[in-house]
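1. Curious how this folds, go ahead:
(one chain, ligands or ions: 3)
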Amino acid sequence: MDRHITLGEFIIENQKDFPYAKGELSALLSSIRLAGKVVNQQINKAGLAEILGKAGKENVQGETQAKLDIMANEVFISTLKNRGEICGLASEELEDFLAFDEDMHKDAKYVVLIDPLDGSSNIDVDITVGTIFSIYRRKSEPGTKVTMEDFLQPGDKQIAAGYLIYGTSTILVYTTGNGVNGFTFDPGIGSFFLSHPQMKFPEKGNIYSVNEGNYVHFPAGVKKYIKWVQQIDENDGRPFTSRYTGSLVADFHRNMLLGGIYLYPQGTTSPNGKLRLLYECNPMAFLTEQAGGKASDGFRRILELQPEELHERVPFFCGNKEMVEKAEDFLKTSG
Ligand SMILES: O=P(O)(O)OC[C@H]1O[C@](O)(COP(=O)(O)O)[C@@H](O)[C@@H]1O
Ligand SMILES: [Mg+2]
Ligand SMILES: [Mg+2]
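-> Ligands and ions are numbered 1, 2, ... in the order given. Next up is the predicted model:
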């Protein structure tokens, strides 16, 4: 390939993967690309634009929202709403879903779920953050009102999923069920270019990402797994390396490139862990499986879980298949 293909060219070229495609999904992915550029530009100058710090309001999770959480949420909602490819949207920062039922949306086939800014605790300290998105085909008939059922779909029904990572460079990574591809943003040209084709977890991993500050709250099986990764064994390269940024997107991206496991287990303070099934775990699980890895709640495949609520949390284990299976073994044997 004499030059890097742009994201726009790649989206059009790969429309053929969808025999029924009329271009709506391509247009929707382009809208996400556009919203990502705007958020990226705001994040890069956050310190100057006085959009650091807390907004003084709480979201449905009981978390104090950061100004950037709200900015990113508004950018994605207005961009996706104004371009008419979706009939509804749900977000970490909104208690209920939004139904777009103006004329321009009534025949739209897709709903989107977003975590507009992932890694919020890192915003003010200039550490990598991200945006996570998940796309479903609506279950309700086009032309009718969007319902909660359109959002509460198991992860294996996702049409597409991905994230933007706002780090040393800004990269958009996504899957439509035909592998995982990453596109790096070139601010000089203002376009995303294919930089990471067909991303796959490497055969072996030796990185573990977990907030060990919560160790005392972890189930016995998770404690045993963490002790196991810290023991010496030249045969499988233990002790593994601990890397944890506090941003799921950043830890996931690194582990997919270098090989590793991210875990946010249940704990005594959070019986279902912290991460949200619909707009954090499902999209990352879709990417994980498409990249040859495994994603579970320690016992069940994430993508087969039937969501009950918009903001429900689940324990999350994702990464190299072998590493996740080892963690699951400890959980199964030690609870
Ligand atoms: O500070 P903790 O408890 O380790 O949690 C960090 C985890 O929570 C998150 O920040 C949750 O996401 P949000 O920032 O979107 O709320 C993940 O990105 C991250 O992996
Ligand atoms: Mg998040
Ligand atoms: Mg968030």
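
2. Can you tell me which residues in the chain are near ligand 2?
-> Residues of the chain lying close to ligand 2 by Cβ under 5 Å from the ion are 115, 118, 280. Quick note: C-beta positions are derived from backbone N, CA and C, even for glycine.

3. Compute the number of surrounding residues for the closest residue to residue 261 other than its chain neighbours.
-> Distances taken as Cβ to Cβ, 6 or more residues apart in numbering place residue 319 nearest to residue 261, at 3.5 Å, with adjacent residues excluded. When counting by other Cβ atoms under 10 Å, one arrives at 28 neighbours for residue 319.

4. cool, and the one 3 residues further on?
-> A count of neighbours around residue 322, defined by other Cβ under 10 Å, yields 16.

5. Figure out the helix or strand that it lives in.
-> Assigned by DSSP states H and E, residue 322 falls within helix 321-334.

6. CA atoms only for that helix - export them in CSV, please.
-> Presented in CSV, the C-alpha positions along helix 321-334 are these (Å, rounded to 0.1, in the frame of the first residue of the first chain):
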residue,chain,number,x,y,z
LYS,A,321,-7.6,-16.0,26.2
GLU,A,322,-5.1,-18.0,28.2
MET,A,323,-4.8,-15.3,30.9
VAL,A,324,-8.6,-14.8,31.2
GLU,A,325,-9.1,-18.6,31.4
LYS,A,326,-6.5,-18.8,34.2
ALA,A,327,-8.3,-16.1,36.2
GLU,A,328,-11.6,-17.9,35.6
ASP,A,329,-10.1,-21.2,36.9
PHE,A,330,-9.1,-19.5,40.2
LEU,A,331,-12.5,-18.0,40.5
LYS,A,332,-14.3,-21.3,39.8
THR,A,333,-12.1,-23.2,42.3
SER,A,334,-11.9,-20.5,45.0
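
7. Off-centre distance for that helix?
-> Between the centre of helix 321-334 and the centre of its chain there are 23 Å (Cα atoms, centre = their mean, to the nearest Å).

8. Show residues contacting that helix.
-> 201, 204-205, 208, 219-222, 224-225, 228, 260-261, 263, 292-296, 298-299, 317-318 (Cβ atoms under 8 Å, 6 or more residues apart in numbering).

9. What's the separation between residue 317 and residue 54?
-> 31 Å (Cβ to Cβ, to the nearest Å).

10. Looking at the two, which one has more neighbours?
-> residue 317 (29 against 15).

11. Please look at that one and residue 265 and confirm they touch.
-> Yes. Contact status for residue 317 versus residue 265: in contact at 7.4 Å, counting by Cβ atoms under 8 Å.

12. Common neighbours of these two, please.
-> By Cβ under 8 Å, 6+ apart, residue 317 and residue 265 have these common neighbours: residue 298.

13. buried sites along stretch 215-231?
-> By 16 or more other Cβ atoms under 10 Å, the buried positions in stretch 215-231 come out as 218-219, 221-226, 228-229.
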